[in-house]
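K.L.:
Just to be clear, the model below is a prediction. Sequence and coordinates:
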Amino acid sequence: MNGQKRTAIKQALSASSGRENISINGWVRSLRRGKEVSFAALNDGSCFASLQVVINPDLPDYDEVTRAGTGACLAVQGDLVESPASGQRWELLAKAVTIVGGADDSYPLQKKRHSFEFLRSIAHLRPRSNSFGAVFRLRSALSYAVHTFFQQRGFVHVHTPIITANDCEGAGEMFRVTTLDPEAPPRQNGAIDWSQDFFGDRTGLTVSGQLQGELFATAFSDIYTFGPTFRAENSNTSRHASEFWMIEPEIAFADLTDNCQLAEDFMRYLVNYALEHCHEDLDFFDQRIEKGLIDKLKDLAAAEFKTISYTEAIDLLQKSGREFEFPVVWGNDLQSEHERYLTEQVFNGPVFVVDYPKQIKAFYMRLNDDQKTVAAMDLLVPRVGEIIGGSQREERFDVLQARMKAQGIEPESLDWYLDIRRWGSCPHAGFGLGFERLLMYLTGMENIRDVIPFPRTPGHARY
Ligand code: 4AD
Ligand code: MG
């Protein structure tokens, strides 16, 4: 536009000296109109801060331009000069201003502060607010950090499928993918005949890329996936989404201890990455979302990650003297209230819980010698609770087959998965990090709906 290269506001604000005739585009955050001079705060999303544009009345279309409302899109040409105002080094002295796209009083983001509930109801506009600008810039930076961490360590990135015939977690939470006519599906002996469906099988959206990831780990040794994951779990909590992103590394020649070590290194790396590369946005979260957030993140990056067994966790919970909503009984899954008590009250920091009872965990986890527990691990962190779930995998053909049968899974339905135990099997392990849980942890945001651009939860899939 204007035949001149656009300067990002981030670049302009970090300039080491003034510059003449630069072009800036952005959206008006606020406009103070005066007879002598007008000021527009322009934001283009490249950084948290807005650039102050000084508009003098000698501009030919002064009147029209200074009536551009909050939310309008402007293109400005001018000189970057030292600002006399405090709190900003540079401002832009406008020489020409064009209204690219106007906005009238009905623009919903007029006020400085809106509730997150309100902003969720205008998910198409909320990226233009301070809070969500910061969240989604951080999300982008951390996505890059995930790849950097694994690529630097020689992990191969695998794109696992989104449509699949297998329910990895076995929890019956798959969304169905079908082209059959819902009014009149083909039937055989009364039951729907899925062999006539598009893929010749009953298929759905993946709940995890792990099983396919394992196949690649037994060829490339160290792999990771990073993709969308879908769960038709009808729970309306602040930590569950029906569509979320998960990072799943899988490492060959590794046991549960190696797995925990990788998870710890990964978490530390991501927290340090955010501290190093996202300080402007983190400052905002620290001031406005969760006081003391930056210190907490620094603490985590320096903290020793503790490890306890599930059995020890049950013991600690039973001895706590607390009244929990869900009973604490060996053999029951840990609930969010239990997890938070452990990480917040007992350890006040990150803690791995390992070796869960086999009946509450998925079929693929390696059976321990006690025959009662499996080599599972969950990483719990304050405020968020479970942020990572993983395990060593069952690499022994017979044991795996028996575990499938015990959990009501037909071994034939996963013959390809069993095949890697048939030929060249090896010990291996992996985990899944919920990307949104990580972002909740890093931003202090309390609702998962506020760290994903367009949240999908029961009853909500607009936009
Ligand atoms: O513990 P989960 O279910 O483990 C798996 O899916 C394994 N296949 C991972 C593996 O070993 N490769 O999920 C892993 C993580 C959880 O710890 C949590 O952070 C996140 O994914 N998660 C969710 N995040 C948002 N909304 C949901 N409904 C989530 N369910 C799990
Ligand atoms: Mg889990």
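P.N.:
Cool, got the structure. Ligands and ions are numbered 1, 2, ... in the order given.

K.L.:
For this protein, what lies in contact range of ligand 1?
P.N.:
Residues of the chain found near ligand 1 (CB under 6 Å from any ligand atom) are 168-169, 208, 210, 231, 233, 240-241, 244, 246, 248, 386-391, 430-432, 434, 436-437, 448. In this view, the C-beta of every residue, glycine as well, is placed from N, C-alpha and C.

K.L.:
ok, now with 8 Å
P.N.:
168-169, 171, 207-210, 213, 229, 231, 233, 235, 239-242, 244, 246, 248-250, 362, 378-379, 386-391, 430-438, 448 (CB under 8 Å from any ligand atom).

K.L.:
Narrow those residues to those in helices?
P.N.:
210, 213, 435-438 (DSSP state H).

K.L.:
What's the ChimeraX line that selects buried ones from the residues you listed?
P.N.:
In ChimeraX, a selection of the buried entries from those looks like this (16 or more other CB atoms under 10 Å):
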select :210,213,435,436,437,438
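
K.L.:
Report the buried residues of stretch 282-299.
P.N.:
Buried residues in stretch 282-299 (16+ other CB under 10 Å): 282, 284-286, 289, 293-294, 296-297.

K.L.:
Can you give me the end-to-end span of that stretch?
P.N.:
Its first and final residues considered, stretch 282-299 spans 15 Å by CA to CA, to the nearest Å.

K.L.:
where's it relative to the chain centroid, distance-wise?
P.N.:
18 Å (CA atoms, centre = their mean, to the nearest Å).

K.L.:
which outside residues touch it?
P.N.:
48, 130-131, 134, 138, 271, 274-275, 349, 382, 442-445 (CB atoms under 8 Å, 6 or more residues apart in numbering).

K.L.:
Quick check: mean pLDDT of it?
P.N.:
On average, the pLDDT along stretch 282-299 is 97.

K.L.:
Can you say which two of the contacts of stretch 282-299 are spatially most distant?
P.N.:
130 and 349 (30.2 Å; CB to CB).

K.L.:
Quick check: residue 178 vs residue 167, distance?
P.N.:
Here the criterion is CB to CB, to the nearest Å. By it, residue 178 lies 15 Å from residue 167.

K.L.:
Please read the previous query as pertaining to residue 112.
P.N.:
46 Å.

K.L.:
Residue 456 now?
P.N.:
19 Å.

K.L.:
For the longest strand seen in the chain, the averaged confidence score.
P.N.:
Under DSSP state E, the strand in the chain containing the largest number of residues is strand 19-32. For strand 19-32, mean pLDDT rounds to 96.

K.L.:
can you check stretch 166-186 too?
P.N.:
Here the average pLDDT along stretch 166-186 is 93.

K.L.:
got it, and stretch 58-78?
P.N.:
pLDDT averaged over stretch 58-78 gives 94.

K.L.:
First residue to last residue on it, what's the distance there?
P.N.:
14 Å.

K.L.:
next one: stretch 417-426
P.N.:
13 Å.

K.L.:
Can you point out the buried residues in that stretch?
P.N.:
417-418, 420-421, 425.

K.L.:
What is the subsequent helix or strand relative to the host helix or strand of residue 300?
P.N.:
Element membership for residue 300, per DSSP states H and E: helix 293-302. Using DSSP H and E, the next helix or strand after helix 293-302 towards the C-terminus is strand 306-309.

K.L.:
Outside of that following strand itself, list whatever touches it.
P.N.:
Under CB under 8 Å, 6+ apart, the answer for strand 306-309 is 260, 316, 342, 347, 349-355, 373.

K.L.:
Also stretch 24-31?
P.N.:
With CB under 8 Å, 6+ apart as the criterion, stretch 24-31 contacts 1, 6-7, 9, 12, 38-45, 50-51, 53, 66, 68-78, 92, 100, 103, 128.

K.L.:
ranges for the strands of the stretch 151-300 of the chain?
P.N.:
156-157, 163-164, 176-177, 187-188, 191-192, 203-205, 222-230, 243-252 (DSSP state E, counting those that start in this stretch).

K.L.:
what's the spacing between residue 382 and residue 450?
P.N.:
18 Å.

K.L.:
The two: which is more packed in?
P.N.:
residue 450 (22 against 19; other CB atoms under 10 Å).

K.L.:
Surely that one touches residue 120?
P.N.:
Yes: judged on CB atoms under 8 Å, residue 450 makes contact with residue 120 at a distance of 7.1 Å.

K.L.:
Excluding sequence neighbours, find me the nearest residue to residue 214.
P.N.:
residue 250 (5.6 Å; CB to CB, 6 or more residues apart in numbering).

K.L.:
I'd like to know how many residues surround that neighbour.
P.N.:
Neighbours around residue 250, by other CB under 10 Å: 31.

K.L.:
tell me the contacts of it?
P.N.:
Contacts of residue 250 (CB under 8 Å, 6+ apart): 210, 213-214, 216-217, 222-224, 428-430.

K.L.:
Any idea what it is bridged to?
P.N.:
Taking DSSP bridges as the rule, residue 250 bridges to residue 223, residue 430.

K.L.:
Please renumber the chain so that the first residue is 116 from this point on.
P.N.:
Taking 116 as the first residue, the last one we looked at is residue 365.

K.L.:
separation between it and residue 320?
P.N.:
Taken as CB to CB, the span from residue 365 to residue 320 is 20 Å.

K.L.:
Check residue 509 too.
P.N.:
25 Å.

K.L.:
which one of these two has more residues nearby?
P.N.:
residue 509 (24 against 20).

K.L.:
so who does the residue nearest to residue 370 when sequence neighbours are not counted touch?
P.N.:
Once flanking residues are discounted, residue 370 sits nearest to residue 507: 5.4 Å by CB to CB, 6+ apart. Contacts for residue 507 (CB under 8 Å, 6+ apart) come out as 369-371, 374, 480-481, 490, 542-544.

K.L.:
any idea which of the residues you listed is closest to residue 513?
P.N.:
Using CB to CB, those come closest to residue 513 at residue 481, 13.0 Å.

K.L.:
Just the buried residues of stretch 369-381, please?
P.N.:
369, 371, 374-375, 377-379, 381.

K.L.:
ok, which pair from those residues is furthest apart?
P.N.:
Pairwise over these, using CB to CB, the maximum falls at 371 and 381, 15.4 Å.

K.L.:
pLDDT weak spots in the stretch 366-515 of the chain?
P.N.:
By pLDDT under 70, the stretch 366-515 of the chain contains no weakly predicted segment.

K.L.:
Now do the helices in it.
P.N.:
371-392, 394-399, 408-417, 425-433, 451-455, 512-521 (DSSP state H, counting those that start in this stretch).
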